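Engineer: Sequence plus predicted model, see below.
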Amino acid sequence: MTVTYNPNTNITIANGGYSTTGSSTVTVTGAGSGYVLTGASGTSYTTTWANPNTNFNDGSDTIMSIPYGSKTVEITEHATLDVKGNVKINGVDLEERLERIETLLQIPTRDVTMEAKYPKLKKIWEEYNRELAKLKTWDALKGNDD
């Protein structure tokens, strides 16, 4: 493969490897990962293309990355993923699936709007959860699985 580029501005290869000025013609030849850059004056520089930068930073630390050649997004343990839309796993909406699971397991859902309007609802919810935790602990100590 050979590509010839005739720029009107400077070309600089990262890490100070090769640069041209003005309207010098640069020819790129090579295959695979090694390439030779040849300028109009006959000077050349051999380089390899670096893997693309796939790290996303918060200014001081990498919070997410996509490793080169991978189809996996990695989020660091101290980062939060905030989705403003739907999350689908193999075409199935995650929110719908969780709602279905909660319904089948008869997990009561909270209505925080009503709790704000009627504080007693929140108090009853908290009491229910405390009592439920006590009963589960008691059953575990007694060895009752039913």
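Structural biologist: That came in fine, so what should we check first?

Engineer: Ends of stretch 62-70, what's the gap?
Structural biologist: Terminal residues of stretch 62-70 are spaced 17 Å apart (C-alpha to C-alpha, to the nearest Å).

Engineer: Would you mark the buried spots in it?
Structural biologist: Neighbour counts using 16 or more other C-beta atoms under 10 Å place I63, S65 of stretch 62-70 among the buried residues. Quick note: C-beta positions are derived from backbone N, CA and C, even for glycine.

Engineer: Other residues contacting it?
Structural biologist: Applying C-beta atoms under 8 Å, 6 or more residues apart in numbering, the set of residues contacting stretch 62-70 from outside is 51-52, 54-57, 72-76, 78-79.

Engineer: the domain parsing of the chain - what is it?
Structural biologist: Segmentation of the chain into domains, based on automatic domain parsing, reads 2-48, 53-82, 112-142.

Engineer: ok, and for the second one, which residues are buried?
Structural biologist: With burial defined by 16+ other C-beta under 10 Å, the residues of domain 53-82 counted as buried are I63, S65.

Engineer: Poorly predicted segments of this structure, please.
Structural biologist: Of all residues in the chain, those with pLDDT under 70 make up the ranges 1-53, 144-146.

Engineer: where do the strands sit along it?
Structural biologist: 2-5, 11-12, 19-20, 26-31, 34-39, 44-48, 55-57, 62-65, 74-75, 88-89, 92-93 (DSSP state E).

Engineer: What residues of the top helix by length along the chain count as buried?
Structural biologist: Criterion DSSP state H: the longest helix present in the chain is helix 119-142. By neighbour count with 16+ other C-beta under 10 Å, helix 119-142 contains no buried residues.
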